[in-house]
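> Provide a 3D model corresponding to the input given below.
(2 chains)
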Amino acid sequence: SQQGEEDPQALSIQEGENATMNCSYKTSINNLQWYRQNSGRGLVHLILIRSNEREKHSGRLRVTLDTSKKSSSLLITASRAADTASYFCATDAQDKIIFGKGTRLHILP
Amino acid sequence: KAGVTQTPRYLIKTRGQQVTLSCSPISGHRSVSWYQQTPGQGLQFLFEYFSETQRNKGNFPGRFSGRQFSNSRSEMNVSTLELGDSALYLCASSWGWGFGQPQHFGDGTRLSIL
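As a prediction, this is how the structure comes out:
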């Protein structure tokens, strides 16, 4: 079964608006990571948050982690056309890393 | 600093053949992980190599194998190819083994099985 599940599967917003994506997982984790993937390219690491952290920021990105609910959210503020991509959460599960199916984000001009 | 390089970018094979994919990690990175990405199953972990040793392994059949060389470059081999092996194969490198640090991905090899 999938460890990480992103929600929503797809999201379209106007440029300048904020985008929020959620990730839920099933087992306890050591850390959770968010990645971005542009069409036909590899993944780009965005943020890593450890299980003892609740919030982390990087530029226009804000990630929260709620281990009691086994969930995380990624907020992108003031979205730009270049933010159009798929976003994945990834959790470490003992001896492997498990990626969710991703959220496809489309920024409308 | 050069990124992760995967070769070839595209590959077409037929069922029953075998294939070898190559990955050169970022200079100084000693861990290389491999992933399979398909529309149906998403991104799935294949295995991780560190210092020429397989450290972790995903749930894939034995037809999928890999190795790592002393310069940290890695190869992945798939034997007896099946139609379902059509996918984007990604490798990623990091400085240490395990998944407590960011993974740096290449742009992948797109494998098509006819």
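
> got the residues of chain A near chain B?
Taking C-beta under 8 Å from any C-beta of the partner chain as the criterion, chain A approaches chain B at residues A:2, A:30-31, A:33, A:35, A:40-45, A:48, A:88, A:90, A:92, A:95-102. Quick note: C-beta positions are derived from backbone N, CA and C, even for glycine.

> backbone dihedrals for the closest residue to chain B within chain A, please?
Ranking the residues of chain A by distance to chain B (C-beta to the nearest C-beta) places A:Gly42 first, at 3.4 Å. Geometry field for A:Gly42 lists phi and psi as phi -80, psi 180, criterion degrees, to the nearest 10.

> and the gap between the residue nearest to B:Thr53 when sequence neighbours are not counted and B:Leu46?
Closest residue to B:Thr53 in three dimensions, ignoring its sequence neighbours and counting by C-beta to C-beta, 6 or more residues apart in numbering or on different chains: B:Gln68, at 7.6 Å. Shown here: B:Gln68 relative to B:Leu46, a distance of 13 Å by C-beta to C-beta, to the nearest Å.

> and B:Gly62, by the same measure?
Separation of B:Gly62 from B:Leu46 (C-beta to C-beta): 12 Å.

> which one of these two is surrounded by more residues?
Neighbours were counted for B:Gly62 and for B:Leu46 using other C-beta atoms under 10 Å in any protein chain shown; B:Leu46 has more, 22 against 6.

> check which helices and strands the helix or strand that contains B:Val32 sits against.
In the assignment (DSSP states H and E), B:Val32 maps to strand B:31-38. Packed against strand B:31-38 by the contact rule (3 or more C-beta pairs under 8 Å, 6 or more residues apart in numbering or on different chains; DSSP states H and E) you find strand B:42-50, strand B:74-78, strand B:87-94.

> re the thing from before, can you select the buried ones from the residues of chain A next to chain B in ChimeraX?
Those of those that count as buried under 16 or more other C-beta atoms under 10 Å in any protein chain shown are selected in ChimeraX with:
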select /A:31,33,35,42,43,45,48,88,90,92,96,97,98,99,100,101,102
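
> which ones among the residues of chain A next to chain B lie within strands?
Secondary structure of the residues of chain A next to chain B is defined by DSSP state E; positions in strands are A:31, A:33, A:35, A:43-45, A:48, A:88, A:90, A:92, A:96-99.
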